[in-house]
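S.K.: all I have is the shape, not the residue letters:
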């Protein structure tokens, strides 16, 4: 079974007016009902919406005035995340940044690493160290490589896995509500 979404409004308008539970629906359906398609819209738009919601259910040890949401990926990935640039997390505005230098990753609160950047993971992990950075990836073995959250597309659906040890190492607290939806890995 496939779910298709035909939008007549702009992407920005869609994400601004759509309730958060509805944005999370493709994810929830994909996790709990095998065979339901994750690609109701562009895959990166869905992953951007999921990443935003995951960040909303994450607590950092200190609250910055802004949330630096960094992207390691191509322009298609970056453009999907740009739709969230006017959003906020806990009254703090999001700033979407395209990271081109690995040394810049340690100043991010959220770091999305696209699948084409797997070879950069050891250097990114070294640059981040134990800084409180919520790393979100989309590749096999991401959690086992020290990534906190993995949004892996399998059989036309997006699955969520969380490495709680990596979250603790990064001094992040992930909501129990989110943990109940995820596959927990070490």
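M.R.: Perfect, thanks for sending it. Note that the structure is a prediction, hence the values are computed from the model and not measured.
S.K.: any low-confidence regions in this structure?
M.R.: For the chain, applying pLDDT under 70 flags the ranges 1-41.
S.K.: show me where it has its helices.
M.R.: 11-17, 20-32, 43-56, 75-82, 121-128, 164-169, 176-181 (DSSP state H).
S.K.: residues near residue 123, how many?
M.R.: 12 (other Cβ atoms under 10 Å). The C-beta positions use only the backbone N, C-alpha and C, and glycine is treated the same way.
S.K.: what do you get for residue 91?
M.R.: 7.
S.K.: which residue is nearest the centroid of this protein?
M.R.: residue 51 (2.6 Å; Cα atoms, centre = their mean).
S.K.: and for that residue, nearest residue in space, chain neighbours not counted?
M.R.: residue 136 (5.2 Å; Cβ to Cβ, 6 or more residues apart in numbering).
S.K.: got the contact list for that neighbour?
M.R.: Residues counted as contacts of residue 136 (Cβ atoms under 8 Å, 6 or more residues apart in numbering) are 51, 54, 110-113, 147-151.
S.K.: residue 94 too?
M.R.: Per Cβ under 8 Å, 6+ apart, neighbours of residue 94: 52, 66-67, 69, 84-88.
S.K.: let's go with 10 Å and repeat that
M.R.: Taking Cβ atoms under 10 Å, 6 or more residues apart in numbering as the criterion, residue 94 is in contact with 52, 55, 66-69, 81, 84-88, 109-110.
S.K.: residue 42 now?
M.R.: Here residue 42 is in contact with 11, 48, 76, 79-80 (Cβ under 10 Å, 6+ apart).
S.K.: can you tell me which of those has the most neighbours?
M.R.: Going by other Cβ under 10 Å, residue 48 tops the contacts of residue 42 with 27 neighbours.
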